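Asks: After the sequence you'll find the predicted model.
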Amino acid sequence: MTENSPAPAGFRMDRRTAMATTAVAATALAVAGCSSASDQPASAAPTVKGDAPAAKKDGGTLANTADVPVGGGLISGDTVITQPAAGQFQGFSATCTHLGCKVNEVAGGLIKCPCHGSTFHLDGSVAGGPAPRALDAKAIRVDGDKIVSA
């Protein structure tokens, strides 16, 4: 449509309105394009770093017992699974008690939060702040060679 062509019936927009509308649309597209994999919910894929191999998810199965190292752990979705001593498995929420970030690593006998540096022992207790309290416990159980949500 050129400046001299007639506008469709009932439609009228001046240059200033057209420019403002274009700017708003461009901003919306830029914001939508900035989303990344880190914006996806934790349930989209298990997060595992450090000492732990990848966890498996099939139904209620969080991991295989063999995947959780003694003196270490792994992260499966929203659950941290640790094995402080052989055959002793514990489950915790993967949400840090400081500001709600997701912990992202179990390494060197610690559960680590990337946001502000909080660390937790394998029993979920605070090893280093600023987290004010231990990770919340999550019910898990061993079913044969699988660790499942209880």
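Replies: Thanks, I have the structure now. Numbering: from 1, shown residues only.
Asks: what's the next secondary structure element after the lowest-mean-pLDDT helix or strand in the chain?
Replies: When the helices and strands of the chain are compared on mean pLDDT, DSSP states H and E, helix 15-33 comes out lowest with a mean of 61. Following the chain from helix 15-33 toward its C-terminal end, the next helix or strand by DSSP states H and E is strand 61-64.
Asks: which outside residues touch that following strand?
Replies: Contacts with strand 61-64, where a contact means C-beta atoms under 8 Å, 6 or more residues apart in numbering, come from 55-56, 74, 76-77, 79, 81, 91, 140, 145-149. Bear in mind the C-beta positions are built from the backbone N, C-alpha and C, glycine included.
Asks: What residues sit buried inside it?
Replies: Of the residues in strand 61-64, those buried under the neighbour-count criterion (16 or more other C-beta atoms under 10 Å) are 62, 63.
Asks: And for stretch 75-90?
Replies: Using 16+ other C-beta under 10 Å as the burial criterion, the residues of stretch 75-90 that qualify are 75, 76, 77, 78, 79, 80, 81, 82, 83, 89, 90.
Asks: The first one bridge partners, please.
Replies: In other words, residue 75. Using DSSP bridges, the bridge partners assigned to residue 75 are residue 80.
Asks: hang on, the earlier thing: just the buried subset of the contacts of strand 61-64, please.
Replies: Once neighbours are counted (16+ other C-beta under 10 Å), the buried part of these comes down to 55, 74, 76, 77, 79, 81, 91, 140, 146, 147, 148, 149.
Asks: Quick check: beta-bridge partners of residue 61?
Replies: For residue 61, the beta-bridge assignment (DSSP bridges) gives partners residue 58, residue 148.
Asks: sorry, back to before: with the buried residues of stretch 75-90 in mind, which one is nearest to residue 111?
Replies: Minimum separation from residue 111 among those (C-beta to C-beta) is found for residue 80, which lies at 5.6 Å.
Asks: where does the protein dip in pLDDT?
Replies: 1-11, 13, 17-59 (pLDDT under 70).
Asks: change it to 80
Replies: 1-59 (pLDDT under 80).
Asks: returning to what we had before: same list (the buried ones among the contacts of strand 61-64) but as JSON lines, adding distance to residue 104.
Replies: Formatted as JSON lines, the entries for the buried ones among the contacts of strand 61-64 read as follows, by distance: C-beta to C-beta, whole Å:
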{"residue": "55", "distance to residue 104": "13"}
{"residue": "74", "distance to residue 104": "11"}
{"residue": "76", "distance to residue 104": "13"}
{"residue": "77", "distance to residue 104": "13"}
{"residue": "79", "distance to residue 104": "13"}
{"residue": "81", "distance to residue 104": "14"}
{"residue": "91", "distance to residue 104": "17"}
{"residue": "140", "distance to residue 104": "19"}
{"residue": "146", "distance to residue 104": "24"}
{"residue": "147", "distance to residue 104": "19"}
{"residue": "148", "distance to residue 104": "23"}
{"residue": "149", "distance to residue 104": "20"}
